[in-house]
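> Any chance you could fold what I've pasted below:
(one chain, ligands or ions: 1)
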Amino acid sequence: MSLPAAAMDAAQRVAALCREIEGHEHAYYVLDRPSIPDVEYDKLFAELQALEAAYPDLLTPDSPTQRVGGKPLPGFSPVPHAVPMLSIRTETDTEPSGARAFDARVRRELGLGESDPAIEYAAELKFDGLAINLRYANGVLVQAATRGDGETGEDVTQNIRTVHCIPLRLRGDAPPLLEVRGEVFMSRPEFERYNEKQRVLGRATLVNPRNAAAGSIRQLDPAMAAERSLSFYAYGLGEVGGWALPATHGGVLDALAARGLPVCEHRAVVTGADGLIAFHSRIRKERDGLPFDIDGVVYKVNSLALQQRLGFVTREPRWAVAHKYPAEEALTTVEAIEVQVGRTGAITPVARLAPVFVGGVTVTNATLHNEAEARRKDVRIGDTVIVRRAGDVIPEVVSVMLERRPTKDLFGAEPLHAAYELPKTCPVCGSAIERPEDEAIARCTGGLFCPAQRKQALLHFAGRRAMDIEGLGDKLVEQLVDGGIVRTPADIYKLGLLKIVALERMAEKSAANILAAIEKSKATTLARFIFALGIRNVGEATAKDLARHFGSLDGLITADAERLQQVPDVGPVVAASIARFFAQPHNVEVIEQLRAAGVSWPAGAPSALANSPIAGKTFVLTGTLPTLTRDEAKDMIEALGGKVAGSVSKKTDYVVAGAEAGSKLDKAQTLGVSILDEMHFRELISS
Ligand code: IVH
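Below you'll find the predicted structure:
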């Protein structure tokens, strides 16, 4: 039977769209290197959806449109694993001796003597999520299953389809049967984003990224799973048919990456116990900076032939071990609950804790976020709680161990301490604390009358990304405000040597340094100045947009809400905050004083950017420049209407490279992007 011409065209177009969208998704979700603007992607996606709606026969299970929207399931079907999903032995000795013990065990099992050569290992991260088996038949994802008891898992194919970095179809030549094993997890930024949203809505938050991943994948409603963005890294194989395996585990991972599967870049092939130890200690240092949780690293004998010789003991391979790091969660007790007052008056309840070592540091405070969350978790003085500190995020109380709550009597009937309530007045300035009905955050109404808010406002003003006054930190601001020496940002510029030296523990030399830093900060940019003002809802990016749009401070001050909303990304809420800020005579007065003190920035009318040699151009900075810091170079580019991106793509106009430039420089050369050193960069922007 031959199809009508229109349907044949449609079939070709659908196939082409699928391949093209897959390519863009791989670039975006796996390589983290977007290949087209979002709007273009959306157009392709909409076109594909429309064609599939018009020609339902053309819809295939591996179409990119099938990631979202299945129907809720009545339950998960069991999936027997052709190759059992095993676990790995855990080495709880977090010191180098843990790695030595593993290497010694492997050598003994292989009958190696001291004079035999060192063993090669594949070292990788131990991801903290949910193990998943992905089954690809002729390159198409046909089934995804959890580990279950190792023999039989649960069919979670629908939910796994919502994980964007998991290819629905493999790239290149695909073997008839390939089962890929790996870990589904939630990244820390996604975890924070999701929880922040839940907090604003007054809903329950996720406990930690691991539970988040497991909970999402085991959701019966795929729409709920799709709401939480998960990630995936492949770390091994299950059943394989019709594929000549590479000789090493490292080779297997390379082959998986080449077929479009996400494989974590933090891996290495190392030699002997020393190689394992070096990897363990390197990753331990990098752990906080990773965008996801790990609870250790995994060592695997690299040669698949040796793996086979070593075999298994009960349910664990002899050729692999997980070498742990100190835990990111720990138990401690709550000694008090206090509140902290932020720059905009936001009141945050904070638990003061008995000191506890967690995630590599000693923690004494943990945030309870807001009143509703403190209530929901029902944290009380005397409680034993689980605290979590992962990455560089603020430690938080995860949950209370209710069974250990101290009680008034032996029978445990009545708790010793009452449920937490936010104070009615600010503990710092005594002003009323208020919470608008539709908001989660309560605020001190004292404004800049409140010393706590004033200190935070000054710290923000002096911050590195704002006026960048080096040395004006916590301690100094505390003394200056408490001593009544500084009330507003303008007072900073009235400070003299004598006043600073008079402060406790202040040597003349450091006082002079601070004065020099204050002086230096006077020459700034309009964007930094706007950001420094600390207008509610105006972050660094908005400040830059405002500076670019208005070109002058007076233009901004006099703009009404309507004009403000012409700025990209400025909506009614932000516009109202800005208008409210400048409507306060006090704020305008401080600005006038700052200008009178000599704070200034290069004038730039918005139209001046039209003459800029780099307006609208995209730059990538890499390596160390001889005289400019990265921030300085970024400021110069942005002041002239250019943009700075984090990674090199076809859309990059210039790469500015300094000493020890790495892969970005290679990439620029491959793509033929113009490469500038600092001197040529300076020439370009002054042309
Ligand atoms: S390999 C036969 N590699 O840890 C070896 N597992 O107890 C199979 N995990 O359930 C596992 N990161 O979910 C392996 N790089 C990694 C891993 C990893 C995390 C998890 C996995 C498994 C558990 C092992």
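
> Of all residues in the stretch 501-650 of the chain, which one is closest to the ligand?
As assessed by CB to the nearest ligand atom, the ligand sits closest to S647 within the stretch 501-650 of the chain, at 25.2 Å. Just so you know, the C-beta spots here come from the backbone N, C-alpha and C atoms, and that holds for glycine as well.

> what's the neighbour count on that residue?
Using other CB atoms under 10 Å, S647 is surrounded by 14 other residues.

> Please verify my assumption that it contacts G662.
No. Counting by CB atoms under 8 Å, S647 stays clear of G662, with 11.7 Å between them.

> any idea which element whichever residue of the stretch 251-400 of the chain sits closest to the ligand lies in?
Using CB to the nearest ligand atom, the closest approach of the stretch 251-400 of the chain to the ligand is made by V298 at 4.1 Å. Assigned by DSSP states H and E, V298 belongs to strand 294-301.

> so what secondary structure elements neighbour that strand?
helix 96-109, strand 120-127, helix 272-286, helix 304-310, strand 320-324 (3 or more CB pairs under 8 Å, 6 or more residues apart in numbering; DSSP states H and E).

> Return the alpha-carbon coordinates of that strand using CSV.
Coordinates of the C-alpha atoms in strand 294-301 are reproduced here as CSV (Å, rounded to 0.1, in the frame of the first residue of the first chain):
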residue,chain,number,x,y,z
ILE,A,294,28.1,11.7,46.3
ASP,A,295,28.8,9.6,49.3
GLY,A,296,32.1,8.2,48.1
VAL,A,297,34.0,7.0,45.1
VAL,A,298,33.9,3.6,43.4
TYR,A,299,37.0,1.6,42.3
LYS,A,300,36.6,-1.1,39.7
VAL,A,301,39.3,-3.4,38.3
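
> contact partners of it?
For strand 294-301, contacts defined as CB atoms under 8 Å, 6 or more residues apart in numbering pick out 88, 90-91, 94, 99, 102, 106, 119-128, 235, 249, 276, 279-280, 283, 287, 307, 310, 319-325, 327-328.

> looking at this structure, which helix or strand does the model trust least?
Least confident element among the helices and strands of the chain, by mean pLDDT, DSSP states H and E: helix 222-227 (a mean of 74).

> residues touching L141, list them.
L141 sits in contact with P61, D62, L134, R135, T157, I160, R161, I166, P167, L168, R169, where contact means CB under 8 Å, 6+ apart.

> and the gap between the fourth one and Q143?
Plainly put, R135 is 4 Å away from Q143 if you go by CB to CB, to the nearest Å.

> Settle it for me: which of those two has more neighbours?
Ranked by neighbour count (other CB under 10 Å), R135 and Q143 place R135 first, with 20 against 17.

> and after the helix or strand the more buried one falls within, which helix or strand comes next?
Element membership for R135 (DSSP H and E) is strand 130-137. Heading C-terminal from strand 130-137, the first helix or strand you meet, by DSSP H and E, is strand 140-146.

> May I have the strands that pair with the helix or strand following that next one, each with its orientation?
Per DSSP H and E, the first helix or strand lying C-terminal to strand 140-146 is strand 152-154. The pairing partners recorded for strand 152-154 under DSSP bridges are strand 78-80 (antiparallel).

> With mean neighbour count and mean pLDDT added, can I get the helices and strands packed on strand 294-301 in a markdown table?
Formatted as a markdown table, the helices and strands packed on strand 294-301 follow (neighbours: other CB atoms under 10 Å; pLDDT from 0 to 100):
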| stretch | mean neighbour count | mean pLDDT |
| --- | --- | --- |
| helix 96-109 | 17 | 96 |
| strand 120-127 | 24 | 97 |
| helix 272-286 | 18 | 95 |
| helix 304-310 | 15 | 97 |
| strand 320-324 | 22 | 94 |
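
> Can I get the ones you listed in JSON lines including distance to the ligand?
Below are the helices and strands packed on strand 294-301 laid out as JSON lines (distance: least, CB to the nearest ligand atom, whole Å):
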{"stretch": "helix 96-109", "distance to the ligand": "14"}
{"stretch": "strand 120-127", "distance to the ligand": "4"}
{"stretch": "helix 272-286", "distance to the ligand": "12"}
{"stretch": "helix 304-310", "distance to the ligand": "9"}
{"stretch": "strand 320-324", "distance to the ligand": "5"}
